[in-house]
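**Q** please find the sequence and the predicted model below.
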Amino acid sequence: MQRPNHILPFIVLSQFAGTSLWFSGNAILPEISKTFQLQQGALALVTSSVLIGFIIGTFVYAVFAIADRFKPSRVFFLSSVLAALANLIILLPQQQIISLLLSRFLVGFFLAGIYPVGMKIAAEWYEKGLGKALGYLVGALVLGTAFPHLLKQSGWEYDWRVVLLITSSFASVGGLLILLFIPRGPFAKTSLHYSFTAFKQSFQFANFRAASFGYFGHMWELYAFWAFVPMLLTLYVNKQHAQLNVPFWSFSIIAAGAVGCVVGGYLTKRYGSAKVAFAALCISCVCCMLAYFSYSLPSHLFLFFMFVWGIAVVADSPQFSSIVAQTAVAENKGAALTIVTCIGFSITVASIYLLNYLFEAWLQSPWVLLLLAPGPLFGLWKLYPLLKEKTFQ
């Protein structure tokens, strides 16, 4: 079957549009804080509400095999619309903190029908070359992650309500694109049953276990690194009395990961997903171990080091998803992808809170970054057996 040229661009655009809801709250957090008169502890709760909602959402979507039992494009569309509406809850009059938390939680919950389901849709169209396709998808997510930092440094005067309206409209249009223009792919499989055991069935296969454990190790590092980039740059500025635009360089370092995802996707055509993921994970692991010593470097070398880390830290992510998709039970591929994502993000919450606590307890010492290294080390150990496989292209 001839694959239409618009498939991948439309999936990437819709994925970016939907996941922009996740980070819209980050961009307007100071304005929301003033409106709702939030204390510092409440700010952390608001930020984590989306992540907790996403974890619970991925679990529910996976257990009921929603992406496998129903047409994925419809699931993506409905999830996009519901997430967009949830994003607008805080625009209703007479708001309280509980409605703000509910809004962010529901956004995260319905994102479970956007991010993993987008990967499921891509897997239906790309059997060979899936690593390259997912490289573009995850690259779009990385740009969405970095965007609030660019917005913050731009000096743009905006009404936070307008930001919510724009992102919700953008997400709804993205969902509509998927519904209208992305039919079922030639490699689609449909399950007619609830999938309470989808992950267990796939987990019986050694290659699926290796890819899943590798992904879990990768997730221990990824979002913790992203969360700490502004603090790491600020710490360098304070130690070296350097002149750095922290928001701009935060955006640039995180956004560099999009390049890593896309380039890594192209490299899979020659080396395969497992080798590309292993190389990226190895580089980011070395960066974890050398991070403390980077603070004695001149600013241009320090930024170069951070760019290398920013590229490598996420370049393996689409390749792990590709291997998981290829090794999961075909009829429950959507559920398997979703539950692996659920576990990965649960690990992320633990690593972020642990590092944040120790970063404050140890007086913002860069030595704390060594605690990121066990994740990549574990991932490398589990992924190593797949290096001899030639099927993950």
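**A** That came through fine. Numbers count the residues shown, from 1 in each chain.
**Q** what's near enough to touch Trp309?
**A** Contact analysis of Trp309 by CB atoms under 8 Å, 6 or more residues apart in numbering lists 225, 253, 284, 287, 291. For the C-beta atoms, the positions are set from N, CA and C on the backbone; glycine is no exception.
**Q** just those: which are in helices?
**A** Among the contacts of Trp309, the ones falling in helices (DSSP state H) are 225, 253, 284, 287.
**Q** from the residues you listed, which one has the minimum pLDDT?
**A** Among the ones in helices among the contacts of Trp309, Phe225 carries the lowest pLDDT, at 91.
**Q** Tyr115 against Leu21, yeah?
**A** No. If you go by CB atoms under 8 Å, Tyr115 and Leu21 don't touch, sitting 10.7 Å apart.
**Q** now the contacts of Trp309 as CSV including neighbour count and distance to Leu38?
**A** Formatted as CSV, the contacts of Trp309 follow (neighbours: other CB atoms under 10 Å; distance: CB to CB, whole Å):
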residue, neighbour count, distance to Leu38
Phe225, 27, 26
Ile253, 26, 28
Ser284, 28, 34
Cys287, 24, 34
Ala291, 22, 32
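**Q** closest to Gly264 among those?
**A** Ranked by distance to Gly264 (CB to CB), the contacts of Trp309 are led by Ser284 at 12.1 Å.
**Q** surely that closest one meets Val313?
**A** Yes. Under the contact definition of CB under 8 Å, Ser284 touches Val313, with a separation of 4.6 Å.
**Q** need the overlap of contacts for these two.
**A** With CB under 8 Å, 6+ apart, Ser284 and Val313 have common neighbours 221, 225.
**Q** and the helices in the stretch 51-200 of the chain?
**A** 66-69, 72-87, 97-111, 115-125, 130-154, 160-181, 198-203 (DSSP state H, counting those that start in this stretch).
**Q** what does the fourth one contact?
**A** Right, the one you point to is helix 115-125. Around helix 115-125, the neighbours that count as contacts under CB under 8 Å, 6+ apart are 3, 7-8, 11, 14-15, 18-19, 54, 58, 61, 67, 72-73, 75-76, 79, 130, 133-134, 137, 141, 178, 182, 184-188, 321, 325, 333-334, 337-338, 341.
**Q** how about 6 Å then?
**A** Helix 115-125 is contacted by residues 7, 11, 15, 19, 67, 72, 75-76, 133, 185, 187-188, 321, 325, 334, 337-338, 341 when judged by CB atoms under 6 Å, 6 or more residues apart in numbering.
**Q** low pLDDT regions in the stretch 151-300 of the chain?
**A** Along the stretch 151-300 of the chain, segments meeting pLDDT under 70 span 151-158, 190-200.
**Q** let's see it at 80
**A** Applying pLDDT under 80 to the stretch 151-300 of the chain picks out residues 151-160, 163, 188-203.
**Q** how many residues are close by Tyr266?
**A** 12 (other CB atoms under 10 Å).
**Q** between the contacts of Trp309, which is closest to Trp362?
**A** Ala291 (13.8 Å).
**Q** hmm, Val368 and that closest one touching each other?
**A** No. Counting by CB atoms under 6 Å, Ala291 does not reach Val368; the two are 9.1 Å apart.
**Q** list residues touching both of the two?
**A** With CB under 6 Å, 6+ apart, Ala291 and Val368 have no common neighbours.
**Q** so how far is Phe305 from the nearest residue to Ala373 once chain neighbours are set aside?
**A** The shortest distance from Ala373 to any non-neighbouring residue, by CB to CB, 6 or more residues apart in numbering, is to Cys288 (4.0 Å). Cys288 is 12 Å from Phe305, where distance means CB to CB, to the nearest Å.
**Q** where along the stretch 251-393 of the chain do the helices fall?
**A** Going by DSSP H, counting those that start in this stretch, the stretch 251-393 of the chain shows helices at 273-290, 299-315, 317-327, 333-361, 374-383.
**Q** which one of those helices lies nearest to Pro230?
**A** Of the helices of the stretch 251-393 of the chain, nearest to Pro230 by CB to CB is helix 299-315, at 11.4 Å.
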